[in-house]
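*Asks:* Test case, fold it:
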Amino acid sequence: MRLTPERVATEYEWVHARAETVVPIINELRDDLGELFDTEVARVTESQYREEVDAVFADGDLAVNVAAMVAILRELDVEDDYPGFVVDELLGRELAATISGTQPLRTLGEATFHYADVHVHGPGGEPAGVDDLEAALAAGFQERIPGWPWTERESPFAVD
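*Replies:* Numbers count the residues shown, from 1 in each chain. Take a look at the predicted model:
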């Protein structure tokens, strides 16, 4: 694979256009996890998702890495799928973490990817990596977008 600025732009357009698929996954994740953790989590709009996609791809160093993982997952399809299970999990987890940002959001993005991946199944005919890609985008971007009560307050662990 060769990554050029044009290829990064192509992957940006694909991720940006996937809002109609990814945002419902984000909202399902937030509903499920909010219920599990007994908290209210704000819903995400397609506009919020697209703004965060813009922010990720505006950072060229981040964009080239995200674009590479997106491109691989879009194409990844291992015959009989199971032998490719590890590689799409690895790439999906790393993509979610990379999008999420720094700690602790990075680790939360990875963990959320695994939860999302169990619940996201693409239609037949798509490469096997696409559902992992959608789960990764949902997990990563949902960490970036405000709405979790604990991220809206000052941490009680900060030292003056």
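
*Asks:* and stretch 19-29, how far from the chain's centre?
*Replies:* 10 Å (Cα atoms, centre = their mean, to the nearest Å).

*Asks:* swap that for stretch 20-39, please
*Replies:* 13 Å.

*Asks:* other SSEs contacting the helix or strand where Arg30 lies?
*Replies:* For Arg30, the host element (DSSP states H and E) is helix 19-36. Helix 19-36 sits against helix 46-58, helix 105-119, helix 129-144, with contacts defined as 3 or more Cβ pairs under 8 Å, 6 or more residues apart in numbering; DSSP states H and E. C-beta coordinates here come from the backbone N, C-alpha and C atoms, glycine included.

*Asks:* I would like the residues contacting that helix, please.
*Replies:* Helix 19-36 is touched from outside by 40-46, 49-50, 53, 112, 115-116, 119-120, 134-135, 137-139, 141-142, 145, 147, with contacts defined as Cβ atoms under 8 Å, 6 or more residues apart in numbering.

*Asks:* from these, which would you call buried?
*Replies:* Buried residues within the contacts of helix 19-36, counting neighbours by 16 or more other Cβ atoms under 10 Å: 41, 44, 49-50, 53, 112, 115-116, 120, 134-135, 137-139, 141-142, 145, 147.

*Asks:* Would you mind measuring from the residue nearest in space to the middle of the chain to Arg153?
*Replies:* In the chain, the residue lying closest to the centroid (Cα atoms, centre = their mean) is Leu137, at 2.1 Å. Here the criterion is Cβ to Cβ, to the nearest Å. By it, Leu137 lies 27 Å from Arg153.

*Asks:* need the contact list for Met1.
*Replies:* Residues counted as contacts of Met1 (Cβ under 8 Å, 6+ apart) are 68, 71-72.

*Asks:* again, only using 7 Å
*Replies:* Ala71 (Cβ atoms under 7 Å, 6 or more residues apart in numbering).

*Asks:* just to revisit the earlier point, for the record, mean pLDDT for the helix holding Arg30?
*Replies:* Helix 19-36 comes out with an average pLDDT of 95.
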